[in-house]
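Trainee: Okay, sequence plus prediction incoming.
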Amino acid sequence: MNLNNASKDQLTQWEQQLSAEYAAIVARKLSLDLTRGKPSSDQLSLSDAMDGILKGNYKSQDGTDTRNYGGLEGLPEARQLGADILGVKVTEVLAQGNSSLTLMFQTLLHAVHFGFEGPDSAWRRQGPMKFICPVPGYDRHFTLCEQLGIDMLTVPMTADGPDMDAVETLVQTDPAIKGIWCVPKYSNPTGVIYSDAVVARLAGLGKLASPGFKVFWDNAYAVHDLGDSLPLANLMDLARAAGTENSVVQFASTSKITHAGAGVAFVAMSEANLKSFKQSLGAQSIGPDKVNQLRHMRLLPDLNALLQHMKQHAEILQPRFDAVLSALDTAFAGTDLGQWEKPAGGYFVSFDTRPGCAKAVVKLAAEAGVKLTPAGATFPYGLDPEDRNIRIAPSVPTVAEVVGAMDVFVTCVKLVAVRQQLAN
Ligand code: PLP
């Protein structure tokens, strides 16, 4: 199906066929949900052995009684795991509570309110604050900016990562820009891995941008490969080589490795930045939940054990991704109806409709019993200027449900596009 060259008669015929297909779908009274980027119960069950795993032995490797207060930096063995996931030195990483989003908020707050290089460096003392947001991107990053009064500027995501020409121009022309959001591996939502050249250019931003600029490197899907483990260039190594290591802060967590609501999160930054950050962290807490960190270390003692564990996740996720990608291929390959990437990991498939169609597709799908993430959610302020992007999250439904939901999705995409073309 190609709409650009289709005659009015052809479009009318397609519209009638698709309307009939859609009516038949509505009559099935489905109730399916492709909105949730979270692990399924089967995935969560892979880590159930953590329950009771300590068997009364609460001592960490260095003999710490994990039940007690203290240990602000996290257990040494948990920090080592975080360092291995993120590719940094153990002295550059903290192991904390269950949410990396909390650590992102705390890091931003530290930069805004206290300043990494002392009070004068606090962003709030320097006028307006802006962040670069590659789009489509992760809505919760945008929410963090909104919460802290940081304005957002968008740059396009490409198949290699953010459009770095646009990023470099922005940081050199606008001193209010304080940072950039990055999900470098299996990006949320487009699923791409940043190329080596993009990572090197991100590492160099600390030299081009105004002082205090930070790359917020949210490596939430660092080990979430569906097949072979695919490489990502090491940002901290590149930053060290460029002399910009203070411009990089990194995050990861076990949220989609063990139990999403009861995991361990990591933050990594240069030792100088960490010294500053620990001042505000130490005011907030005497120490993280070390018992939970120890439970994690007993289940996943090192990176190798963790990677083996991730293979079990991949076995559960792969058929769901296959169902999405095969439906998109069958319906849209070689057409002018939409574009998408084929992620080799992560949690999402991102689909771009023809301009001006995404909201109508989400609405039509909802009326046929298939919930999709609201159109626009992948853009700051919920505004997709071209109204194109829809994030598909297939992890929670069963494979049969994904197949059923995609059937509805492709019908809605076609119907909305044909109706739009007829109206033009
Ligand atoms: N970062 C990204 C890119 C995510 O997609 C998600 C969850 O969907 C998170 C962070 C949430 O991480 P956490 O559970 O560690 O707060």
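Mentor: Great, that's in hand. Numbering: from 1, shown residues only.
Trainee: Just the buried positions in the longest strand seen in the chain, please.
Mentor: Scanning the chain for the longest strand, with DSSP state E as the assignment, gives strand 151-158. Using 16 or more other Cβ atoms under 10 Å as the test for burial, strand 151-158 gives 152-155, 157-158. From N, CA and C alone the C-beta is placed, and that goes for glycine too.
Trainee: Around the ligand, which positions in the stretch 1-150 of the chain sit nearby?
Mentor: 37, 99-101, 138 (Cβ under 6 Å from any ligand atom).
Trainee: Now do the helices in this protein.
Mentor: Applying DSSP state H to the chain gives helices spanning 8-27, 41-45, 76-86, 100-109, 139-147, 164-173, 196-208, 235-242, 271-284, 290-299, 303-332, 358-367, 399-423.
Trainee: Flag every buried residue along the fourth one.
Mentor: The reference is to helix 100-109. In helix 100-109, counting by 16+ other Cβ under 10 Å, buried: 100-108.
Trainee: could you dump these to TSV with distance to G63 and pLDDT?
Mentor: Converted to TSV, the buried residues of helix 100-109 look like this (distance: Cβ to Cβ, whole Å; pLDDT from 0 to 100):
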residue	distance to G63	pLDDT
S100	28	98
L101	32	98
T102	28	98
L103	27	98
M104	32	98
F105	33	98
Q106	29	98
T107	31	98
L108	35	98
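Trainee: Farthest-apart pair in the residues you listed, please.
Mentor: By the measure Cβ to Cβ, S100 and L108 form the most distant pair in the buried residues of helix 100-109, at 12.4 Å.
Trainee: what does the worst-scoring helix or strand of the chain on mean pLDDT contact?
Mentor: Lowest by mean pLDDT, DSSP states H and E among the helices and strands of the chain is strand 32-33, with a mean of 90. With contact meaning Cβ atoms under 8 Å, 6 or more residues apart in numbering, strand 32-33 is reached by 369-371, 396-397, 401, 404-405, 408.
Trainee: Then stretch 337-347?
Mentor: 1, 3, 37, 159, 185-188, 190-193, 221, 224-227, 230, 256, 314, 317, 321, 325, 328, 331-332, 349-354, 393, 395, 413-414, 417.
Trainee: go with 6 Å
Mentor: Stretch 337-347 is contacted from outside by 37, 186, 190-192, 221, 224-227, 230, 325, 328, 332, 351-353, 395, 413, 417, using Cβ atoms under 6 Å, 6 or more residues apart in numbering.
Trainee: Check the contact between E73 and L94; I expect there is one.
Mentor: Yes. Between E73 and L94 there is a contact under Cβ atoms under 6 Å: 5.1 Å.
Trainee: Tell me how many other residues crowd whichever residue of the stretch 301-424 of the chain sits closest to the ligand.
Mentor: Nearest to the ligand, among the residues of the stretch 301-424 of the chain, is Y347, at 6.5 Å (Cβ to the nearest ligand atom). Y347 has 26 neighbouring residues, counting by other Cβ atoms under 10 Å.
Trainee: And it, how far from Y186?
Mentor: 8 Å (Cβ to Cβ, to the nearest Å).
Trainee: and if you look at G282?
Mentor: On the measure of Cβ to Cβ, G282 and Y186 end up 33 Å apart.
Trainee: So between these two, which is more surrounded?
Mentor: Of the pair G282 and Y186, Y186 is the one with more neighbours under other Cβ under 10 Å, namely 27 against 12.
Trainee: does that one really touch Y221, like I thought?
Mentor: Yes. If you go by Cβ under 6 Å, Y186 and Y221 touch, sitting 3.9 Å apart.
Trainee: Now A111. Nearest residue, chain neighbours left out?
Mentor: For A111, ignoring the flanking residues on the chain, the nearest one in space by Cβ to Cβ, 6 or more residues apart in numbering is W123 at 5.5 Å.
Trainee: Give me the neighbour count for the one you found.
Mentor: With other Cβ under 10 Å as criterion, W123 counts 26.
Trainee: Give me the pLDDT value at it.
Mentor: You'll see W123 listed with a pLDDT of 97.
Trainee: try L328
Mentor: In this model, L328 carries a pLDDT of 98.
Trainee: How about G37?
Mentor: 89.
Trainee: residues touching it, list them.
Mentor: Contacts of G37 by Cβ under 6 Å, 6+ apart are 347, 393.
Trainee: Equivalent analysis for G161, please.
Mentor: Contacts of G161 (Cβ under 6 Å, 6+ apart): 194, 198.
Trainee: bridging residues for it?
Mentor: T158 (DSSP bridges).
Trainee: Could you check how far it is from the ligand?
Mentor: 14 Å (Cβ to the nearest ligand atom, to the nearest Å).
Trainee: What separation do you get for that residue and I180?
Mentor: Taking Cβ to Cβ, one finds G161 at 11 Å from I180.
Trainee: Quick check: can you list the domain ranges of the chain?
Mentor: 8-43+307-423, 57-303 (automatic domain parsing).
Trainee: measure the last one end to end?
Mentor: Domain 57-303 has its terminal residues 22 Å apart, counting by Cα to Cα, to the nearest Å.
Trainee: next one: it to chain centre, how far?
Mentor: Distance of domain 57-303 from its chain centroid, counting by Cα atoms, centre = their mean, to the nearest Å, is 12 Å.
Trainee: Identify the residues contacting Q172.
Mentor: Here Q172 is in contact with L208 (criterion: Cβ under 6 Å, 6+ apart).
Trainee: Let's see the pLDDT reported for it.
Mentor: Reported pLDDT for Q172: 97.
Trainee: Could you measure from it over to R201?
Mentor: Applying Cβ to Cβ to Q172 and R201 gives a distance of 13 Å.
Trainee: Next: F266.
Mentor: 25 Å.
Trainee: coming back round to it: tell me the angle the longest strand of the chain makes with helix 139-147.
Mentor: 160 degrees (axes from the mean of the first three to the mean of the last three Cα atoms, to 10 degrees).
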